[in-house]
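Engineer: Quick one: sequence plus predicted model below, questions after.
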Amino acid sequence: MQSLTDISAVRGLLDRHGFRFSKSLGQNFLINPTVCPRMAEACGADQDTGVLEIGPGIGVLTRELCLRAAKVVSVEIDSKLLPLLDETLEEHNNLKIIHGDAMKLDLHELIEREFKGLRVCVCANLPYYITSPIIMGLLESRIQADSITVMVQKEAAVRLCAQPGTRECGAVTLAVRFYAQPKMLFPVSRGSFMPAPRVDSAVIQLDIRKSPPFEVKNEELLFKIIKGAFGQRRKTLVNALAGAGFDKASVGILLDKTDISRLARAEELSLEQFIRVANTACEVDLC
Ligand code: SAM
């Protein structure tokens, strides 16, 4: 089995296949030998588990997943990596590589089709340029999976795992918390990659909820309010929501009815408070 974390071995493999890194595809391959086994262990892959990976690269994480899971399906956009993957992962017969764009594939349908009878998890070192859309796409489409364990840029990890009511909290924090319980697992330095990116990364885990934490009457309205409130996060809620197209007087009445100060700012509210605002807006027909 050839090493996928030894720099000169990896260089040799890439040169033999005439491979050139694409910055626009977020191609920074892991060469720190400790990271992938740790991620594969953390995601809980075992003989009852199917794992969806996005972006196998040369297969360094894929290999660790194949050693533990019943089945691994890995989606890679770059056709130039397919012959490399054929070579590096040839001994794993529980692996299916799908050549495609994870942003365009129906991942909900893919999971249902590929992992019948298995518990499912997602595990990936995500290309940085699609971190949020991939995570939100998976959560919003309500994929049938237990958890999402992903490496993302450190700044994104902090935002995705922030506590509501803190400065790091953004619209995406609350959106993630609606669908999952996030936790920060471990940091990964930029020197762990080839080529090294400009920023550090971190591995996070989202444990997907079986049902929302509170009853929501209109999810679309809830997320419209959250996005509007954080769109101009330095403004008061009343002004931020007025700027997002809501009627200013109605928002003031709504906040009074939900016992939230008209002077409050988005980052001061919990997810439950946002849900109360959205539910009350439905009750009093202010939506
Ligand atoms: N898993 C490998 C590792 O840890 O070394 C590679 C991770 S690298 C950060 C991201 C990988 O995602 C690259 O292989 C890249 O070609 C692939 N990729 C980029 N955009 C993609 C997309 N839209 N769909 C599927 N794969 C994509």
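Structural biologist: Great, that's in hand.
Engineer: which stretch of helix or strand covers the residue lying farthest from the centre of the chain?
Structural biologist: In the chain, the greatest distance from the average C-alpha position (Cα atoms, centre = their mean) is reached by Ala249, at 36.8 Å. Under the criterion DSSP states H and E, the helix or strand holding Ala249 is helix 248-257.
Engineer: and that helix, what other elements does it pack with?
Structural biologist: Counting contacts by 3 or more Cβ pairs under 8 Å, 6 or more residues apart in numbering; DSSP states H and E, helix 248-257 is packed against helix 237-243, helix 271-283. Any C-beta I mention is one placed from the backbone N, CA and C, and that applies to glycine too.
Engineer: Turn the ones you listed into JSON lines, including mean pLDDT, mean neighbour count and distance to Pro83.
Structural biologist: Formatted as JSON lines, the helices and strands packed on helix 248-257 follow (pLDDT from 0 to 100; neighbours: other Cβ atoms under 10 Å; distance: least, Cβ to Cβ, whole Å):
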{"stretch": "helix 237-243", "mean pLDDT": "93", "mean neighbour count": "21", "distance to Pro83": "51"}
{"stretch": "helix 271-283", "mean pLDDT": "92", "mean neighbour count": "19", "distance to Pro83": "46"}
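Engineer: Dump the ones you listed to JSON lines, plus distance to Ser261.
Structural biologist: Shown next, in JSON lines, are the helices and strands packed on helix 248-257 (distance: least, Cβ to Cβ, whole Å):
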{"stretch": "helix 237-243", "distance to Ser261": "8"}
{"stretch": "helix 271-283", "distance to Ser261": "11"}
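Engineer: still on that earlier bit, list the contacts of the helix holding Ala249.
Structural biologist: Applying Cβ atoms under 8 Å, 6 or more residues apart in numbering, the external contacts of helix 248-257 come out as 237-239, 241-242, 261-262, 264, 277, 280-281, 284, 286.
Engineer: do that again at 7 Å, thanks
Structural biologist: Residues outside helix 248-257 that contact it (Cβ atoms under 7 Å, 6 or more residues apart in numbering): 237-238, 241-242, 262, 277, 280-281, 284, 286.
Engineer: How about stretch 260-269?
Structural biologist: By Cβ under 7 Å, 6+ apart, stretch 260-269 touches 165-167, 169, 229-230, 233, 236-238, 240, 252, 255, 273, 277.
Engineer: Over to stretch 180-188?
Structural biologist: Against stretch 180-188 from outside (Cβ under 7 Å, 6+ apart): 35, 38, 42, 139, 151, 154, 157, 160-161, 176, 200-209.
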